[in-house]
Each structure stands twice: as C-alpha cells, then as structure tokens.
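Participant: Please find the sequence and the predicted model below.
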Amino acid sequence: MHISRSIEILVGFFVALGFVAMFFLSMEVSNLSSVNGDDGYDITASFENVGSLKVRAPVAMAGVNVGRVTAINFDPETFEAVVTMSIEARYNQLPSDSNASILTAGLLGEQYVGLEPGGEEEVLEEGSELELTQSALVLEQIIGQFLFSSESEEE
Amino acid sequence: MTETSPLIKIRDVHFSRGSKLIFDGVNMDIQRGKVTAIMGPSGTGKTTLLKLIGGQLRPSAGFIEVDGENVHRLRRKQLYLLRKKMGMLFQSGALLTDITVFDNVAFPLREHTNLPESMIRHLVLMKLHAVGLRGARDLMPAELSGGMARRVALARAIALDPMMIMYDEPFTGQDPISMGVLVQLIRLLNDALGLSSIVVSHDVKETCAIADYVYLVSGGKIVEHGSPAQLAESDSEWSQQFMQGMADGPVPFHYAAKEYAKDLLGLEA
Amino acid sequence: MLSYFQRLGATSLGMFERLGRGSVFFVNILLSIPSVIVRPRLLIAQIYFVGVLSFSLIVISGLFVGMVIALQGFYTLSDFGAEGMLGVMVAASLIRELGPVVSALLFAGRAGSALTAEIGLMKATEQLSGMEMMAVDPVARIMAPRFLAGLISMPILATLFSAVGVMGGYFIGVGLLGIDEGGYWSQMQAKIDFSQDVVNGLIKSVIFGWVVTWIAVFEGHDAIPTSEGVSRATTRTVVHSAFAILLLDFILTALMFGDI
Ligand SMILES: Nc1ncnc2c1ncn2[C@@H]1O[C@H](COP(=O)(O)OP(=O)(O)O)[C@@H](O)[C@H]1O
Ligand SMILES: [Mg+2]
C-alpha cells in the first residue's frame, strides 16, 4: 500500500512539534534549565528546627537562587535536622563561615534557605558544613513568646 | 499422497454454535481439478463449512484434511502457509475498502512476496485482465457494482496462484448477465489454472451447469451427493425438493413453531 | 431478589470474561509489534490518522483551556494579592492534570471512536476474515500499527496541549490582565519541577494513550459484526475510555503526588 509523501512529511512535522513542545515545557516552563545536573557541590548545615522546609526548596544568597535543598535528615545524636544543599558549581567563591537561616518567602509563602556571606578567605566546597545557622521561625512559638512577655510586663 | 487422492477429506465433522448444533457428522471428499458444489438451504452452515476448511473455525469432533494435512492440527505458521494455497471468495467480496482495486489485488502479493513494484504491476494487471476488469484498476471498492466487486475479489483470490478456490454464494444477488459472467469465469479459471473449486450456492440451475459433483446439505448432514445428472434423476425427496425448488418437503417451509391454532389463541402448547 | 443477584453475577462474570479476552488480545498485539517495526510505513500512516488528524482539536482546546484557567485563576489569586503566581497555577494544572486528562478524553472521542468503528466495520464486512484467509494476520497488519500509533501520538498530543495552554494563559495573564511578564515565567520556572511535574505528566499521558488505544482496538475487534454491534462498540469505547482515564488519573495522582 502506498502512503503519499505528504503524509510522511505531515507525520514528521507532527512528531517534531511534539519535541518542540516538550523542549518548551522542560526549558521555559520547568526548572530543568536551572538544575544543572550533578555538577554542583553539596554542603550541609544543622538546624534546631527546619519548620516546614521541603526537599527541593531553593537556597538563595542575596535573593538569588544559588542551589537547592537535596535532603533533610534527622541526627539522632544531636537531635538536630541536617539539611543537605547542592550549590551550583559556578558559585564556588562563598566564604566558609557563611551562615544559613531558614526564611519564609512572603507572609505565607514557602520556606527557603537563605545564606549570608561571612568574611573568611577559605571557601565552601564539597562536604563543607555551615557552623552558623538560624532555625525557622515557628509562628506559634513567636505568638506564644509575644503573649508571654506582654503578660509578664503587665504584672 | 497420490494425485488422485481427494484434495479435501472431511470426516465425521461435528460443530456447534453455542447450543445450536450445525454439523452432526459430515463426510465429504473434494476431488482435485473438479468443481464441487455444496448446496443447501440458507442457514444450514455452508459458510461455516468453508470457514472450517480454512481453519478459521475448529470442529468439535472429526477432522478435515487439505492436501494431506489436518487443518486443525497445524501450527499457526503452517496454517498460514496452507492458506496461501487456498483462495476464498467471500459472499460480500470482502475487499479492503480504503484502497483501490489495483491495491486490493496487489495486497496478497505485497504481503507475501518481495517482488519489485514493476513485477507486481504486471501480475496485478494480468489477474485483473483474467476477470475482465483491467480498466477498473483505479476505482475504489465503493464505486464497483456487486458483480464487479466479486470479480475483483476473484482476481485477488488467484493472485498467489492457489491450488483451490472456495466460492461462497458467488451468484446471490447478481443480475443475469453478471451471473453468467461469474459462472463462466469459475469454470474457465478452474480449467485454465488447474484449480480445484468449491462452489457454495443455492442457485440450482447455474451451479449444476458448472459443477462436476454436488453435495446437498441439510439439517447438519449430507442428505444427497452425486453428479448433477444423478441428482436430477434421483427420486429421493431431498433432491426433488431442492432441485425443483418446492416450498414444502423434507425441508419444512415453517420454522419450528407451536401449532398454528394454539398460537393464534395464545394458548400454551 | 434471586434474579437480581443472578443478574449481578452474570454481569460481573461477563466483565471478567471481557477483561480476560482483552488481555489475551493485548498480548497478541505485543507479540505482533516486531512485525510493525520492520514496516514503519504502516505505522506512519496510522500516526497520521490517529495523531495528525487530532492535532487541531487538541491545539485549539489546549489554548482555550489555558486561557480559562488564567481568567479564573486571576480572580481567585488577586484576592490574595498573589497574581504573580498565575503562571504557576496555569502551568501546574495543565502539566500535571489537564494536559494529560483532557487531551486523553478528546483523543478517545476523536481517534478512539474512529478506530473502533473502522475495525468493527472491517469485521462486519468480512475484511478481517478475508485477510485471515489470505494468510495475513489482522492483528499484526491492522491492530498493532493502530495501537502503536496511539501509544506514540498520545504523549505528543498531551505535551502540545499543555504547551499551547501555557501560551494561552500567557496571552490572557500578561496580555489582557497586565501581569508582569517576567514574573509569569520566572515563578513558573521556580515552582514547576521537571522530574516531578513534567515527567509525571508525560508518564500519565503514555498510560492514558495505552489504555484508550487498547480499549478502542479491542472493542473494534470484539464488536458484534452488525451495524448495531459496531455502533454499540463505538459508544463503549468512548464511555469506557473516559471512565478508565479518570480512574487511572486518580490512582496515578495519588501515587505520584501523594507524598508531597
Ligand atoms: N458468528 C456466529 N455466531 C453464532 N451463530 C452463527 C454465527 N455465524 C453463523 N451462525 C449461525 O450458524 C448457522 C449457519 O450459518 P451459515 O454458515 O452462515 O449458513 P449458510 O451460509 O448456509 O447460510 C446459522 O443458523 C447462523 O445463525
Ligand atoms: Mg452463507
């Protein structure tokens, strides 16, 4: 049976369009372009409380995404949460005494890890651990503290 | 296997559809090089018999041998090899409706051979010429009349040069002219190509004109067989009723029913 | 009362019987796939009928679905001052759910019903029987190419649906409602994850393509060879496909996104 050449061309065009659409969804719509595979380096930081931080949450310095949270584990000896982050390879000049805090984007937004640069000459590299950390603010605790302190002031 | 042994041997074949018994011990021999007719009232299972021979249905008892091979014992591959040697002309023609007459006839050649396109063209035109439809090659099946469609199907059935062809009611619903054309074609192809033919039909006159041997089937059994001349002279009720087309006889006019008067009055039998 | 249970029993027995026949049929199709791969022209012709001819339906529907989500989303999000999240909302709902599900439903109506009717009619007009008698296996020659074509076309159509929908959302959100263009794309990129969202959406559409084409081809093959039988089989294809898509979507969503 003969199928005409124009049908073959149309089918080729159709499949090609499918690939273009897939490329568009991967590169323009999703984060594939910003996740550069494995060519980043991993650092860890321990927090007393990570709040509602999730794996894949952004890691930002000065408001710019520099990496992503890749794992959150509980350390049964220190009773702290160990957060592993993958930092993009091109940001290889971060001072080793930078500190990490868990922040919230907007009032009700998602939580992310914010890095603030320190002053050391030494830089962060694969396996480094951040010493200075600040836990997530848990809303209930803040409200509790606020009520408690205002009560004690009144007395 | 000598050349004089029958091409098809059917022995004590039983077959039912659900609870309905269609064949109750059928025996038949189809001779090589002959035109064998199978006649019988509608619904007795003539089409079913052809499908049994082609291996599309499986008998519940008995066996069918085609060219020395038990059709229902064959593995799928061997069955397909055997089918390449059997042509079948369906009642409707069964042409592929989405391709032209030419492509329909070329279909089995393209499926089963690696012949170059120029050779296929030759073969197809030859087969179409044999049925007188070389000029219709570019038509679509929907543009053909019933008689033409059957002739195209016939060209397709002989495309692979089979050893036999089964015709399922080739004359039904044809005008006298195309009927005559088909009758001639069947006899002509049979003799010219050295085929064996099985013609299933209930058109007594036309069939008897070309058949060498006739089997009469009714009620799941062979009720008569012989050459057309023998049957015409036979005084059995079966052949008399069938050959002369009488409404009532051993084949009842009425489908099995309650007694008429009781039925009309709505009484239980 | 007894007859009710008898009917129930007969119905479910019938269902299992069909499922069994359908599974055997599916295995036969799988076994025939090598014979399709050596004859890609058969496959190309079917991708044309199944995929290319569904293209305009899918693209136009995708565009409008994307535009509607943007409109609806804008009014809801602006109550929270979160219009910036519009891109995320449009992209997430399309890529995760609406792209695969709606395009599969449209595909079942457009291509699935056509497949069933075509194969059912071929059966009713003895074309399939005729093929068998010409020693051509209809499963390999007719069913398998159609099945593979559906399997290939569905993810392409679903991807196109989502991509066009995101563009539709962009026209409405940025073009009509005046949302910041950079925000539309950057928020989307920050929130839509490739492996979690795009890949899972793609997996869904492959599974839907498999189910719809399987149902369509089987219903045609299994149709009672009369005009009424074929029309019933065609209806069953659309109804059963829709049912299977929605049920599977629930299961897949629970498996894929359940733990976040
Ligand atoms: N697919 C089928 N399912 C159930 N019964 C069938 C089927 N095909 C044929 N039959 C029944 O088998 C009997 C024989 O049919 P058939 O071989 O077509 O008769 P004929 O060709 O002699 O007119 C009929 O009574 C018909 O009702
Ligand atoms: Mg018949």
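Facilitator: That came through, no problem. Ligands and ions are numbered 1, 2, ... in the order given.
Participant: And for the closest residue to B:Phe171 other than its chain neighbours, the neighbour number?
Facilitator: Excluding the flanking residues, the one nearest B:Phe171 by Cβ to Cβ, 6 or more residues apart in numbering or on different chains is B:Asp203, at 4.5 Å. All C-beta spots, glycine's among them, are computed from the backbone N, C-alpha and C. Neighbour count for B:Asp203, taken as other Cβ atoms under 10 Å in any protein chain shown: 18.
Participant: repeat for C:Val136
Facilitator: For C:Val136, using other Cβ under 10 Å, the count is 20.
Participant: Now do the helices in the chain.
Facilitator: Unless you meant another one, I'm taking chain A. Under the criterion DSSP state H, chain A contains helices at A:5-24, A:139-154.
Participant: hm, I was asking about chain C
Facilitator: Using DSSP H, helices in chain C cover C:2-37, C:40-50, C:55-79, C:86-92, C:99-107, C:113-124, C:127-133, C:138, C:144-170, C:181-191, C:199-222, C:227-257.
Participant: CSV for those, including distance to ligand 1 and mean neighbour count?
Facilitator: Shown next, in CSV, are these (distance: least, Cβ to the nearest ligand atom, whole Å; neighbours: other Cβ atoms under 10 Å in any protein chain shown):
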stretch, distance to ligand 1, mean neighbour count
helix C:2-37, 15, 12
helix C:40-50, 28, 21
helix C:55-79, 36, 18
helix C:86-92, 51, 27
helix C:99-107, 31, 26
helix C:113-124, 11, 23
helix C:127-133, 10, 23
helix C:138, 16, 19
helix C:144-170, 23, 27
helix C:181-191, 57, 18
helix C:199-222, 12, 24
helix C:227-257, 11, 16
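Participant: Which among the ones you listed is found nearest to B:Ile177?
Facilitator: B:Ile177 sits nearest to helix C:127-133 of all those, at 25.4 Å, using Cβ to Cβ.
Participant: what's near enough to touch the residue nearest the centre of chain A?
Facilitator: Centroid-nearest residue in chain A, with Cα atoms, centre = their mean: A:Pro58, separated by 2.2 Å. Counting by Cβ atoms under 8 Å, 6 or more residues apart in numbering or on different chains, A:Pro58 touches A:65, A:67-69, A:112-113, C:190.
Participant: Among those residues, find the lowest-pLDDT one for me.
Facilitator: Taking the contacts of A:Pro58 together, the minimum pLDDT is found at C:Ala190 (77).
Participant: now B:Asp138, what's its secondary structure?
Facilitator: Using DSSP: H, G, I helix; E, B strand; the rest coil, the structure places B:Asp138 in coil.
Participant: Right, and ligand 1 sits closest to which residue of chain C?
Facilitator: As assessed by Cβ to the nearest ligand atom, ligand 1 sits closest to C:Pro225 within chain C, at 7.4 Å.
Participant: Which strands or helices does whatever helix or strand B:Met119 lives in pack on?
Facilitator: Assigned by DSSP states H and E, B:Met119 belongs to helix B:117-130. Here helix B:117-130 touches helix B:101-112, helix B:146-157, going by 3 or more Cβ pairs under 8 Å, 6 or more residues apart in numbering or on different chains; DSSP states H and E.
Participant: Can you give me the buried ones in it?
Facilitator: Residues B:120, B:123-124, B:127-128, B:130 are the ones in helix B:117-130 that count as buried (16 or more other Cβ atoms under 10 Å in any protein chain shown).
Participant: Pull up the distance across stretch B:42-58, start to finish.
Facilitator: Start-to-end span of stretch B:42-58 (Cα to Cα, to the nearest Å) is 21 Å.
Participant: Please state the offset of that stretch from the chain centre?
Facilitator: Counting by Cα atoms, centre = their mean, to the nearest Å, stretch B:42-58 is centred 9 Å from the centre of its parent chain.
Participant: what's it in contact with?
Facilitator: Against stretch B:42-58 from outside (Cβ under 8 Å, 6+ apart): B:8, B:10, B:13, B:15, B:17, B:22-23, B:26, B:38-40, B:59, B:64, B:66, B:71-72, B:74, B:79, B:82-83, B:86, B:88, B:91, B:166, B:168-169, B:198, B:200, B:202, B:217-220, C:129, C:132-133.
Participant: cool, and stretch C:38-57?
Facilitator: Residues contacting stretch C:38-57 (Cβ under 8 Å, 6+ apart): A:1, A:3, A:7-8, A:10-11, A:14-15, C:36-37, C:106-107, C:110-111, C:114-115, C:141, C:145-146, C:148-150, C:152-153, C:156-157, C:160, C:213.
Participant: how about the nearest residue to the closest residue to chain B within the stretch 101-250 of chain C, chain neighbours excluded?
Facilitator: Going by Cβ to the nearest Cβ, chain B is nearest to C:Gly130 of the stretch 101-250 of chain C, at 3.3 Å. Excluding the flanking residues, the one nearest C:Gly130 by Cβ to Cβ, 6+ apart is B:Ala94, at 3.3 Å.
Participant: and that neighbour, how far is that from B:Gly54?
Facilitator: Shown here: B:Ala94 relative to B:Gly54, a distance of 12 Å by Cβ to Cβ, to the nearest Å.
Participant: Compare these two and say which one has the larger neighbour count.
Facilitator: Taking neighbours as other Cβ under 10 Å, B:Ala94 and B:Gly54 compare with B:Ala94 leading, 27 against 20.
Participant: for the more buried one, what are its contacts?
Facilitator: Listed by Cβ under 8 Å, 6+ apart, the contact partners of B:Ala94 are B:153, C:125-127, C:129-130.
Participant: Shouldn't it be within a helix?
Facilitator: No - secondary structure of B:Ala94 (three-state DSSP): coil, not part of a helix.
Participant: who does the lengthiest strand in chain A touch, helix- and strand-wise?
Facilitator: When chain A is parsed with DSSP state E, its longest strand is strand A:64-75. The helices and strands touching strand A:64-75, judged by 3+ Cβ pairs under 8 Å, 6+ apart, are strand A:58-61, strand A:80-87.
Participant: Count the residues that sit near the residue of chain C closest to ligand 1.
Facilitator: Using other Cβ under 10 Å, C:Pro225 has 16 neighbouring residues.
Participant: Quick one, grab the pLDDT at it.
Facilitator: With respect to pLDDT, C:Pro225 has a value of 90.
Participant: now swap in the one 3 residues further on and tell me
Facilitator: Model confidence at C:Glu228, given as pLDDT, is 93.
Participant: what do you get for C:Ala10?
Facilitator: 82.
Participant: OK, contacts around A:Ala100?
Facilitator: Neighbour list for A:Ala100: A:45, A:47, A:83, A:113-116, A:130, A:132-134 [criterion: Cβ under 8 Å, 6+ apart].
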